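**Q** model this:
(2 chains)
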Amino acid sequence: MLTIRLVEDELQRLCLTGEASDLHFSKGQEAISVGVCSELRPTDYMVTHQRTISPAIARGFPMNPFMAEILGKATGLNKGLAGEMHIRNPELRFMFSFQLVGTCASVAAGLAWAVKYYKKEDNIVAVFLGDAATSNAQFHEGMNLAAVRRVPLLVVVEDNHLAGNIRPEFYLPAPIEKRFESFGMPVSKADGNKVDKVMDAARTCIDEVRAKGSPAALILDTTRLSWHKQGQRDVRPQAELDVLAERDPLLYEERRIGIDEELKSTLTKTIEKEIADAVDYARKSPIPKMPRLEA
Amino acid sequence: MAWKHSPVIPKTPLSVAQSAHQKSIRNEIHSTVPSQALMLRLYRNMVRIRAFETAVLENAKSGASLAIHPYTGQEAVSTGVCSALRRQDKVVTNHRPFGHFISKGGSMNGLMAELYGKSNGVCKGLGGEMNLSEPEIGFLMSDMIVGACITIATGAALKEKMDKTKNAVVCFFGEAASANGAFHEGLMMASLWGLPILYVCENNGYSTNTPWPEFLSNDIVAPRVAGYGMKNTVVDGTDVIGVRQRTEEALWQIRSGRGPCFIEAIVKRIGPHKQELVDSRLEDERRIARMGDPLKIFRSQLMEERILNDSIDFRMKAEANAEVEEAIKFAEKGQRLTSEEAQRFVYSI
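**A** Numbers count the residues shown, from 1 in each chain, chains lettered A, B, ... in the order given. The predicted model follows:
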């Protein structure tokens, strides 16, 4: 979590200097990616939304190619062509990430179908999506298919109560869990800002999905402490942000494990050095050659 | 003060009881109990739809008109719903539109000519079976793309709300359309914005020849609608009076600005999905579907209550057949559009 936070801080600085494009940060939502990814097997598959930095690092992406990819360099994981919102790493079974809200749900349902019926593995597919994505048509089609075909799909909803800068009363007519219940999917809820709670809930859900081979949903209540994306100003009042800042998952985890300042500063230094190396590596890398498009 | 003996006989206890009964239910129930005359009108409408479809199915065999998606077995739904509507209410339907069109008050002549592809049809013979439109009677359009009618109807309801009219929009679709994403987005927007729309799902359990477990997670759609915070009811789609009463209640809610409603009518499709298409259901299942024929059921109910007798029944059927024959003559008289004329209606290429 500390790594994610530090990487994001560094990238935010790069955004401001213009080296990185406008990124979607997951500040305040790190506990979800860390908690769920720690419970997944290395052979399980992942599909995510547009906020990829946090799940990617939680999944254990190598730092250098990852940083180069985000900065759009040829040495990146996807040759610098995917950028932040389409990054993928099939070796880590981090299969797809999607910029289009809700698209990940139907793709993940298809992936889970393939895993169960064609590959016949006992791996599961975990899909991360936001609460606003549940209002999308593709979510509906994906969930219907997953429920009908009984595929091993874990839907992790990062419920940050925002769609861009829009409040849920403008995009959610009823609670999210009702949507899953209407497809006959079991729903569990947890506080998404407490990594231990996330891990407990994720473990139960993942075991259930793996055992039954049928879909389940995990709704994690969280807070978005950053802007929706760099370059899109937050319209929430400062007072509200101050209240939300007290629910910072990093703060909670530090208090919980009682980390001492010395260890924290050592860790911070190590990680910062790693990040600095990665940024250097990315800066030295060439920009990708444009592939010639032929008609 | 002199006490005066009143010669007037006091109200009979029965009428007192009846008026008290009426008063007590007035605030709770927003549907009416149909009179004999209304029930006969409903029956007549169902007979007309059946007569029209029987004739069209025959014509299509000889190649005179297009093959159709028969509505046989689902007549009670469109009859019940549309009988509760006003003329200025709007209807948007799916690829099976004849029942809805006739129930909404569309002319059989125009419809038949449309199927014959003649210029005196409702869409000048260009729309055919699945793209009907007759705005004068409030039949906005029918859309052959499964699920597409839901979002279109939602847009029409948004217009009614923005214009501050008291009109309602009714959208008919099948249960297979509820697996489509348009269903999700349409219902969600209607619920969020409190639009004056009534969704009527005609659940016949089949998508063409695919039974529901292949494409739906549960056999009825209504529980899923609860996830949008929308009022929903399930009704037997062969019971025309039940459908009408549920519709009246829903329309009361819609017109009083309490947001959209959802009615699911459970029906059985008697015919195949589309004429000339193989019906892969077992014979037993088709027999059960025929036994649930709403026309037969309603007829026997009316007969039993002595509202209908053989002579009225015979006369109604004869009238309906005469109307259909006249429609066929009307259609045969019409001319096809020439290609130059047809191009006048093309807005962009």
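**Q** From here on, just use CA atoms for contacts and neighbour counts.
**A** OK.
**Q** which residue ranges form the helices in chain A?
**A** Counting by DSSP state H, residue ranges of the helices within chain A are A:2-17, A:30-39, A:53-58, A:63-70, A:103-117, A:137-149, A:176-182, A:195-212, A:238-245, A:249-257, A:261-284.
**Q** Worst mean pLDDT among those?
**A** Ranked by mean pLDDT, the helices of chain A bottom out at helix A:2-17, with a mean of 78.
**Q** Show me what that helix is packed against.
**A** Applying 3 or more Cα pairs under 8 Å, 6 or more residues apart in numbering or on different chains; DSSP states H and E, one finds that helix A:2-17 makes contact with helix A:53-58, helix A:261-284.
**Q** any idea how far it is from the chain center?
**A** Put simply, helix A:2-17 sits 16 Å off its chain's centre (Cα atoms, centre = their mean, to the nearest Å).
**Q** next one: stretch B:165-176
**A** In terms of Cα atoms, centre = their mean, the centre of stretch B:165-176 is found 10 Å from the chain centre.
**Q** go on, stretch A:123-140?
**A** The chain centre lies 12 Å from the centre of stretch A:123-140; the measure is Cα atoms, centre = their mean.
**Q** count of residues packed around residue 171?
**A** Since no chain was named, I'll use chain A. 21 (other Cα atoms under 10 Å in any protein chain shown).
**Q** hmm, I had chain B in mind actually
**A** Using other Cα under 10 Å, B:Cys171 is surrounded by 25 other residues.
**Q** With chain A as the reference, measure out to it.
**A** From B:Cys171 across to chain A, the span is 18 Å (Cα to the nearest Cα, to the nearest Å).
**Q** wait, doesn't that residue sit right on B:Ala190?
**A** No. With contact defined as Cα atoms under 8 Å, B:Cys171 does not reach B:Ala190; the gap is 11.9 Å.
**Q** returning to that earlier point: would you reformat the helices of chain A as CSV and include distance to B:Phe101 and mean neighbour count?
**A** Output for the helices of chain A, formatted as CSV (distance: least, Cα to Cα, whole Å; neighbours: other Cα atoms under 10 Å in any protein chain shown):
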stretch, distance to B:Phe101, mean neighbour count
helix A:2-17, 59, 17
helix A:30-39, 53, 25
helix A:53-58, 53, 24
helix A:63-70, 57, 24
helix A:103-117, 36, 22
helix A:137-149, 29, 24
helix A:176-182, 33, 20
helix A:195-212, 47, 19
helix A:238-245, 54, 12
helix A:249-257, 59, 15
helix A:261-284, 65, 15
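**Q** Wait, B:Arg246 touches B:Thr32, no?
**A** No. Using Cα under 8 Å, B:Arg246 is not in contact with B:Thr32; the gap is 10.0 Å.
**Q** still on that earlier bit, closest to chain B out of the helices and strands packed on helix A:2-17?
**A** helix A:53-58 (27.3 Å; Cα to the nearest Cα).
**Q** Mind listing residues that contact the closest one?
**A** A:1, A:3-4, A:8, A:25-26, A:30, A:33-34, A:37-38, A:48, A:63, A:84, A:94 (Cα atoms under 8 Å, 6 or more residues apart in numbering or on different chains).
**Q** do stretch A:167-180 as well
**A** Residues from elsewhere that reach stretch A:167-180 (Cα under 8 Å, 6+ apart): A:131-132, A:134-135, A:143, A:161-162, A:186-187, A:217, A:219, B:188-189, B:191-192, B:224, B:226-229.
**Q** ditto for stretch A:182-192
**A** A:29, A:31-32, A:143-144, A:147, A:158, A:177, A:180-181, A:197-198, A:201, A:205, A:215-222, B:217-218, B:223-227.
**Q** how does it look with 6 Å?
**A** The contact list for stretch A:182-192 (Cα atoms under 6 Å, 6 or more residues apart in numbering or on different chains) reads A:Ile32, A:Val198, A:Ala216, A:Ala217, A:Leu218, A:Ile219, A:Leu220, A:Asp221, A:Thr222, B:Ser217, B:Arg224.
**Q** Which members of the residues you listed are the farthest-apart pair?
**A** Taking Cα to Cα as the measure, the contacts of stretch A:182-192 span a maximum distance of 29.4 Å, between A:Thr222 and B:Ser217.
**Q** Any idea which residue is closest to the centre of the chain?
**A** Picked chain A for this. Nearest to the mean C-alpha position of chain A, by Cα atoms, centre = their mean, lies A:Pro55 at 4.0 Å.
**Q** that's the wrong chain, I meant chain B
**A** Mean-position check on chain B, Cα atoms, centre = their mean. Result B:Ser78 at 1.7 Å.
**Q** my guess is that residue meets B:Phe98, correct?
**A** No. B:Ser78 is beyond contact range of B:Phe98, at 9.3 Å (criterion: Cα atoms under 6 Å).
**Q** Pretty sure A:Val151 sits against A:Ala216.
**A** No. Between A:Val151 and A:Ala216 there is no contact under Cα under 6 Å: 9.6 Å.
**Q** B:Arg96: helix or strand, and which one exactly?
**A** Per DSSP states H and E, B:Arg96 falls between elements, in no helix or strand.
**Q** Could you do B:Met141 as well?
**A** Secondary-structure element containing B:Met141, defined by DSSP H and E: strand B:139-142.
**Q** What helices and strands are in contact with that strand?
**A** strand B:90-93 (3 or more Cα pairs under 6 Å, 6 or more residues apart in numbering or on different chains; DSSP states H and E).
**Q** Name the residues that touch the helix or strand just after the strand it packs on?
**A** Next along the chain after strand B:90-93, taking DSSP H and E as the criterion, comes helix B:98-103. Identification of contacts with helix B:98-103 by Cα under 6 Å, 6+ apart yields B:Ile49, B:Ser78, B:Thr79, B:Cys82.
**Q** Helix B:98-103: what's the following helix or strand?
**A** Using DSSP H and E, the next helix or strand after helix B:98-103 towards the C-terminus is helix B:108-115.
**Q** and that following helix, what other elements does it pack with?
**A** Packed next to helix B:108-115, using 3+ Cα pairs under 6 Å, 6+ apart, are helix B:310-333.
**Q** chain center to the helix it packs on: distance?
**A** 21 Å.
**Q** Stretch A:73-80 now?
**A** Relative to the chain's own centre, stretch A:73-80 is displaced by 20 Å; criterion: Cα atoms, centre = their mean.
**Q** contacting residues around residue 154?
**A** Picked chain A for this. Each residue near A:Leu154 by Cα under 6 Å, 6+ apart is listed here: A:Ala126, A:Pro215, A:Ala216, A:Ala217.
**Q** wrong one, chain B
**A** B:Gly186.
**Q** element containing it?
**A** Going by DSSP H and E, B:Thr154 is part of helix B:148-162.
**Q** Nothing else from me, thank you.
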